[in-house]
Structures are given as C-alpha cells and as structure tokens.
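Peer 1: no FASTA, just this:
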C-alpha cells in the first residue's frame, strides 16, 4: 500500500519535473537579480513573466 502511494507520487512529480525545474531556476534568477539591485529585480520579474506567458501559450497551442 505504501509502495503504491510512493509510486503514484513519484509518477506525478516526474511528469512535471522539467516544469518544476524551469520555474525553480527562474525563481532563483529573479532572486539573484534582486540581490544585485531593486531595478534589476523588477526587470527580471517582467522578463520572466513574458517568458512564462509565451511558453504557456506555445504549450496550449500544441494541445
């Protein structure tokens, strides 16, 4: 029973692992830009939102 639970959780995480890594890397990049300066941080938030919006539209058009 526990093995089936772990298998189901691992399968669900593995299915979206690349998306989780992508969003994590964008989050860390934004954090790094905020450590540089506030203006650079705001600019990086804008760029990351544009990239995420573009990729979500590309994914939606594939389905």
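Peer 2: Now that the structure is in, tell me what you want to look at. None of the values given here were measured: they were computed from a predicted structure.
Peer 1: pLDDT wise, what is residue 56 at?
Peer 2: Reading off the confidence values, residue 56 has pLDDT 89.
Peer 1: contacts for the helix or strand hosting it, please.
Peer 2: Applying DSSP states H and E as the criterion places residue 56 in helix 38-62. The contact list for helix 38-62, computed with Cβ atoms under 8 Å, 6 or more residues apart in numbering, reads 23, 26, 29, 30, 33, 34, 35. Placement of C-beta: from N, CA and C, glycine included.
Peer 1: for that helix, which positions count as buried?
Peer 2: Of the residues in helix 38-62, 41, 44, 48 count as buried by neighbour count, 16 or more other Cβ atoms under 10 Å.
Peer 1: tabulate those (JSON lines), appending pLDDT and distance to residue 4.
Peer 2: Formatted as JSON lines, those follow (pLDDT from 0 to 100; distance: Cβ to Cβ, whole Å):
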{"residue": "41", "pLDDT": "96", "distance to residue 4": "44"}
{"residue": "44", "pLDDT": "96", "distance to residue 4": "42"}
{"residue": "48", "pLDDT": "95", "distance to residue 4": "37"}
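Peer 1: so how far is residue 52 from the residue most central in space within the chain?
Peer 2: Among the residues of the chain, the one closest to the centroid is residue 23, at 1.4 Å (Cα atoms, centre = their mean). Residue 23 sits at a distance of 8 Å from residue 52 (criterion: Cβ to Cβ, to the nearest Å).
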